[in-house]
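> Sequence plus predicted model, see below.
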Amino acid sequence: MDDTDTLIALVSSLLPEPHTNDTIIDALVQSNGDVESAARYLQSDVGSSKKRKGVDLETWLKPPSKKAKKPESQTSSSSAHVTPEPVDISPSKHKKPPSSSSSKPTDLMAILRPPPSPRKDPPRFPPMTLSTPELVAQHTPCTLHLSVLPPDLACRLFYTMKDASREWKRNTWWLFDRVVESPHLTSFFTRRTDGLDNDESWHEAAQFWYNGRPNGAPAPFPLEMEEACKIIESVLNDEMRKRKRYKREWGGTPDGDPLWRANVAASNCYQGGKESVGFHSDQLTYLGPYPTIASLSLGTRRNFSLREVVPTDQTGMRKAQTFNIPLPHNSLTIMHASCQERFKHSIPPQNAIDLFRPTFPRTPNGTAEPSNCRINITFRFYRPDFRPKSIPRCKCGVPMALRPDMKNRNEEETDRYWWSCYAGAQNDGKGCKYWKVMNMKGEGRGPCVGDLNTSRTDENPEAA
Ligand SMILES: O=C(O)CCC(=O)C(=O)O
Ligand SMILES: [Fe+2]
């Protein structure tokens, strides 16, 4: 998770009712990053949907006795109404990544705050629901595959994972001086057939999933997950062959081998509409640049939200749009290469959800009990050139996290990735703040698609 998630989760935890992430981010901006003010604001008449006419937000936020000083960056009233971009920690903008150990909320606001408004704001488009695979493919770097597994396998896998989720964990991390907890359960699996479970060094990758907490050896794929994975690999490879390949994608696949294979999976369980995950892009530490991630949805239908991070040099020209994709039971969303570099994704809280009634009962004579739970499994390909031994360590001695510089990307030409200290996620929120630019060649990584003689980048130049 990143800092936006942290703030959103903390505000959510103070609210009796679920709110959308957009609403919470707006409230955070209005309250200058102060979590408690944002929560109070959302519970007030001003912040709630029952807005009282004529109440000015800043007036409301002012403490009654003292005259509140206007935050310097919000000197114009128009800037107070700008929806902020998702949090970005690009060191190019801030010189060094912000530390989660910071005790000054205003530091984080410097990140949350949108860039200076141009004189005339570019038009803002309301969120758009993408209800068909065609619309998803047209507007996002994702594809949606409905009824991807045989129905009985989808049901069996749902039951297996729902039962297993009793043992799953809520991730925790530090925000200022407090520990916050993720609003959903999570778990991490490695694949038997890939030999990964024989390589102790992958345990480190599993620990990374749990924010650095030691968690024993990761669990192997359950049988149903293995069966589903084979089908998903085949769908994904067919899709990948139709698409443009990026130069920094993994290119070490000998001819005839699948382009992509899953060797780990992470799973999430959302019990009821209140459970969620905030806007984030997945860390690239073991995935490397331009990863493809296959995300299977089982159980109750939830919205998957995607929002582009508009590069800094384009913020005066266009605003990010939010896309909502309803994900029914047994659907596969493939986040294709460039999705993690360009978009943030989330599962926002929902006021109302439909109960899921499985097509098949657990046992032939049993009944299929309705459920408010959604299981998500993200099948991932941890790249051989990003094995744990190759991950640089910061001054705390902890493996660093790899993130793209989303704000300053320029197609593939000037893309940059940053290794940054991850110790602050635990360690009382205190990290060394060390960071450095990733250098693919210098760090001996590859081969990438761009290193191959017969570059697959030209295979389908028409493809998105
Ligand atoms: O539940 C989902 O569909 C998204 C999960 C996710 O974004 C993640 O695990 O990184
Ligand atoms: Fe994610």
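Received the coordinates, thanks. Residues are numbered from 1 along each chain as shown. Ligands and ions are numbered 1, 2, ... in the order given.
> element containing the residue in the stretch 51-200 of the chain that ligand 1 sits nearest to, please.
Nearest to ligand 1, among the residues of the stretch 51-200 of the chain, is residue 186, at 7.0 Å (CB to the nearest ligand atom). Yep, even glycine has a C-beta here, placed from its N, CA and C like the rest. Using DSSP states H and E, the element containing residue 186 is strand 185-190.
> List the buried residues for that strand?
Under the neighbour-count criterion of 16 or more other CB atoms under 10 Å, strand 185-190 has 185-190 buried.
> same check, this time on stretch 144-163
Those would be 144-145, 148-149, 153-162, for stretch 144-163 by 16+ other CB under 10 Å.
> for stretch 124-135, same thing?
Going by 16+ other CB under 10 Å, stretch 124-135 has these buried residues: 130, 133.
> Repeat that for stretch 253-266.
Applying a neighbour-count criterion of 16+ other CB under 10 Å, the buried positions in stretch 253-266 are 253, 259-266.
> Could you point out which of those residues is nearest to residue 127?
residue 266 (26.3 Å; CB to CB).
> Who are the packing partners of the strand or helix carrying that closest one?
For residue 266, the element it lies in under DSSP H and E is strand 264-271. The helices and strands touching strand 264-271, judged by 3 or more CB pairs under 8 Å, 6 or more residues apart in numbering; DSSP states H and E, are helix 151-164, strand 185-190, helix 202-209, strand 373-380.
> can the buried residues of stretch 144-163 go into JSON lines with extra columns for distance to residue 41 and pLDDT?
Shown next, in JSON lines, are the buried residues of stretch 144-163 (distance: CB to CB, whole Å; pLDDT from 0 to 100):
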{"residue": "144", "distance to residue 41": "36", "pLDDT": "98"}
{"residue": "145", "distance to residue 41": "41", "pLDDT": "98"}
{"residue": "148", "distance to residue 41": "42", "pLDDT": "98"}
{"residue": "149", "distance to residue 41": "44", "pLDDT": "98"}
{"residue": "153", "distance to residue 41": "46", "pLDDT": "98"}
{"residue": "154", "distance to residue 41": "42", "pLDDT": "98"}
{"residue": "155", "distance to residue 41": "43", "pLDDT": "97"}
{"residue": "156", "distance to residue 41": "46", "pLDDT": "97"}
{"residue": "157", "distance to residue 41": "42", "pLDDT": "98"}
{"residue": "158", "distance to residue 41": "39", "pLDDT": "98"}
{"residue": "159", "distance to residue 41": "42", "pLDDT": "97"}
{"residue": "160", "distance to residue 41": "42", "pLDDT": "97"}
{"residue": "161", "distance to residue 41": "37", "pLDDT": "98"}
{"residue": "162", "distance to residue 41": "36", "pLDDT": "97"}
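> Please list which of these also come close to ligand 1.
Applying CB under 6 Å from any ligand atom to the buried residues of stretch 144-163, one finds that nothing falls near ligand 1.
> For the residue of the stretch 51-200 of the chain closest to ligand 1, give me its contacts.
168-171, 209-210, 266-269 (CB atoms under 8 Å, 6 or more residues apart in numbering).
> just the buried members of those residues?
Neighbour counting over the contacts of residue 186 (16+ other CB under 10 Å) leaves 169, 171, 209-210, 266-269 as the buried ones.
> Could you point out the longest helix of this structure?
In the chain, ranked by residue count with DSSP state H as the criterion, the top helix is helix 223-241.
> neighbouring contacts of it?
With CB under 8 Å, 6+ apart as the contact definition, helix 223-241 has outside contacts at 143, 145, 148-149, 153-154, 156-157, 160-161, 189, 191-193, 221, 258-262, 265, 292, 294, 296, 332, 334, 336, 377, 379, 459.
> Cool, thanks, signing off.
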